[in-house]
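Output the structure for:
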Amino acid sequence: MDSYAPVKLAPSLVPQAPRFTLEDLVLSAETRGHVLRVLAMRRHESLVFDTWGLGALPHFTRRCAINLHGPPGTGKTSLAHAMAHALGRDLLCVRYSDIESRYVGDTPQ
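You can find the predicted model right below:
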């Protein structure tokens, strides 16, 4: 088998173009402010880590994680799409149930 042969990915693992923009969403002023700060951090990452040299320090990393939480239907996925659009990125949307079994003790998928 050729180790470089194309692999067919599950549909949920194929990057997709964002379907929403920040302008499409209705956000509270507080939430919009949090989102804009996260986007600014990502946009200015090169300036902070490369130009200013923060990347050379041992306890700083370029990693960025956000936790979107709330009941179903409150716009978490829509916000992820809008943030990806704002950053000019595609995204992967994967449900937790796609990677973890709902049964305790089962092997992750």
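
use CA for all of it now, contacts and neighbours both
Will do.

distance of the most centrally placed residue in the chain from residue 70?
Closest residue to the average C-alpha location of the chain: residue 80 at 6.1 Å, with CA atoms, centre = their mean. For residue 80, the distance to residue 70 (CA to CA, to the nearest Å) stands at 13 Å.

same question, residue 55
Taking CA to CA, one finds residue 55 at 33 Å from residue 70.

if you count what's nearby, which of those two comes out ahead?
Per other CA atoms under 10 Å, whichever of residue 55 and residue 70 has more neighbours is residue 55, with 16 against 9.

where does that one land on pLDDT?
We have a pLDDT of 79 for residue 55.

In this protein, what residue spans correspond to helices?
29-43, 45-46, 76-87, 96-99 (DSSP state H).

can you list the residues that contact the second one?
By that I understand helix 45-46. residue 62 (CA atoms under 8 Å, 6 or more residues apart in numbering).

quick one: average pLDDT of it?
In the prediction, helix 45-46 has an average pLDDT of 85.

try the third one
Here helix 76-87 scores 96 as its mean pLDDT.

Which strands or helices does it pack on?
helix 29-43 (3 or more CA pairs under 8 Å, 6 or more residues apart in numbering; DSSP states H and E).
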